[in-house]
Structure formats: structure tokens, C-alpha cells
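*Asks:* I'll drop the sequence and a predicted model, then ask my questions.
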Amino acid sequence: MIKEERLKIILREINLYNKVLSSDLSELLNVSEDTVRRDLKELVEADLVTKVHGGAINKSLTKTLKKEEEVYGAESKVIIAQKATQLLKRDQVILIEGGTTIQSFAKHIPVNFPLHFFTISPQTAISLSENEGVVVNTVGGQLHKDSYLHTGSEVVMQLKDIRANLCLLGANGFSVENGLSDIDWEIVQVKKAMMQASKKTAILCISEKLNSNRKFIISEAANIDYLITELDTDSPLLKPYMDFGINVL
């Protein structure tokens, strides 16, 4: 595989999953990790990605979302955001994380619709605060610099004191067989705590991530109440999830 093809694949993986590990890219591309590191260095120098320990992250994680067209799959994420607003009820308490799909959702919440949000993402808090009708609290702790989410035992302890109506999560990987998964152990622990603190959980997931599995399991699919993608509900890709009993929007 020539370098130009590798760079396109690496950039797509980072755009899709927000964070990638050099070891995973090495396996995917069937090249050495040294080759991957050189490729990532070139993408960093072109200001296309941000280098982190062990891999790289999407540059959108390091700034507040301003223009939807700057985001990978922006049109699909707008559709997901609009569908997700169907779950909103007045005066709900909602736990919410970060990521570009979640930030898109934040910008589609009806104006002056009374809601109370708790979020582990400073960027999501900023996006939510633009709507005068909502109350926003951040669940604080150590800022995880690879995801720009608050993680750690302090966050998990704070979440134990919350009884939310709804938890809204993005997905790094989601499948019927292995459920919701991620590549970072600290993030997995926080998302588990978010789900445990909520009556219902909805996954906001671009369809390209369906039927994919990451290293660490957050939850079995049976614990997911809603799956929201950009696809119509009659899509064959969604049938296994509907058959499994998940409410698909």
C-alpha cells in the first residue's frame, strides 16, 4: 500500500472514531508502528490531526464546535441530532458526554425548553449554555487530554449522586454481539457510571460505526434503550438491533 493510501485510511479512521492508536493502525494497515508514527507525524505537520501518546486524535476534540461542515459526517450527525430531540421531555435531568455528534445535538435542542444537563465534557457544556432554557452542570475531575472529557474516581463518585432520566452517549464501537465499547479504559469506567446513574440510555451513532467492536466493553447491548442513527428505520443494517429489542429512531 502506498503512503497516500495509508494517509487517507488513517485520516478516515481518526475522523470516524476521533481517536486511534498506533498499534491498531499498524494491524489495520499491515505495516510497522514506526511507519504509522511517520505517517501520523506527516498528518500532524499538515495540521490535520493532533498527536497524543500512543496515537492521534481528531482536531475537533480540541476546540468547541462552531461549524457543522467542519465535522466528518456532518450531515448525518445533524439528522441524528434532530432525531434525538424526540426523546426530550420538559424538566428532564440528562447525563451527556462529548464528541461532535453530541455537540450537534446540543445545538438542536429547542430554544427555552426547560432541561437540566450534567456533562463530563467542557465543550458540551459550552455548547449547551448557548440555550437559555437549559441548566448546565459539569461533572468535574481530571481532564482526559486524549478525549477532553473529565475522568477518574472523583467523576465516578459524583455520578453516583445523580438520578437522571436519560443518558446520551456517542459510540466508538457498537454491535449486538459485544454492545457498546471503547478503546480507553478510563472513559469506559465513566460511561458505565453514567449509565448506572440513568433510567434510560440512548446511543447516538453514525451508521459507519455500527457492527464495530473496540477493546473494552462499556455495556451489553441489552442495556441500551435507544439507538439513533442517520438511517431510516427500514435499513437492513438496523434490523439486528431492532430484532434484539432496542428502540431504533
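*Replies:* Right, received. Where do you want to start?
*Asks:* now do residue 187 against residue 210, distance only.
*Replies:* 20 Å (CB to CB, to the nearest Å). All C-beta spots, glycine's among them, are computed from the backbone N, C-alpha and C.
*Asks:* try residue 36
*Replies:* 26 Å.
*Asks:* between the two, which one's more packed in?
*Replies:* Taking neighbours as other CB atoms under 10 Å, residue 36 and residue 210 compare with residue 36 leading, 24 against 21.
*Asks:* distance of residue 32 from residue 25?
*Replies:* 11 Å.
*Asks:* these two: who's more crowded?
*Replies:* residue 25 (23 against 11).
*Asks:* and the spatially most central residue of the chain, what is it in contact with?
*Replies:* For the chain, the residue nearest the mean C-alpha position is residue 170 (3.1 Å; CA atoms, centre = their mean). Contacts for residue 170 (CB atoms under 8 Å, 6 or more residues apart in numbering) come out as 97-99, 101-102, 203-205.
*Asks:* any idea how many residues pack against the residue nearest to it when sequence neighbours are not counted?
*Replies:* Closest residue to residue 170 apart from its sequence neighbours, by CB to CB, 6 or more residues apart in numbering: residue 99 at 4.1 Å. Counted with other CB under 10 Å, the neighbours of residue 99 add up to 27.
*Asks:* just the one 10 residues further on next, same as before
*Replies:* Burial measure for residue 109: 21 neighbouring residues, criterion other CB under 10 Å.
*Asks:* residues contacting the closest residue to residue 30 other than its chain neighbours?
*Replies:* Nearest non-adjacent residue to residue 30, counting by CB to CB, 6+ apart: residue 1, 7.6 Å away. Taking CB under 8 Å, 6+ apart, we find residue 1 in contact with 29-31.
*Asks:* phi, psi of the residue nearest to residue 170?
*Replies:* Dihedral pair for residue 99: phi 110, psi 160, per degrees, to the nearest 10.
*Asks:* just the pLDDT for it.
*Replies:* As predicted, residue 99 sits at a pLDDT of 89.
*Asks:* gap between it and residue 108?
*Replies:* 15 Å.
*Asks:* if we can go back for a sec, just name the closest of the contacts of residue 1 to residue 136, please.
*Replies:* residue 29 (40.8 Å; CB to CB).
*Asks:* got the domain boundaries for the chain?
*Replies:* Following automatic domain parsing, one gets these domains for the chain: 3-60, 68-248.
*Asks:* hey, which of these is tucked in deepest?
*Replies:* domain 68-248 (a mean of 19; mean count of other CB atoms under 10 Å).
*Asks:* and whichever helix in the chain runs longest, what does it pack onto?
*Replies:* The single longest helix within the chain, with elements called by DSSP state H, is helix 3-17. Where contact means 3 or more CB pairs under 8 Å, 6 or more residues apart in numbering; DSSP states H and E, helix 3-17 is packed against strand 19-21, helix 22-29, helix 33-45, strand 55-58.
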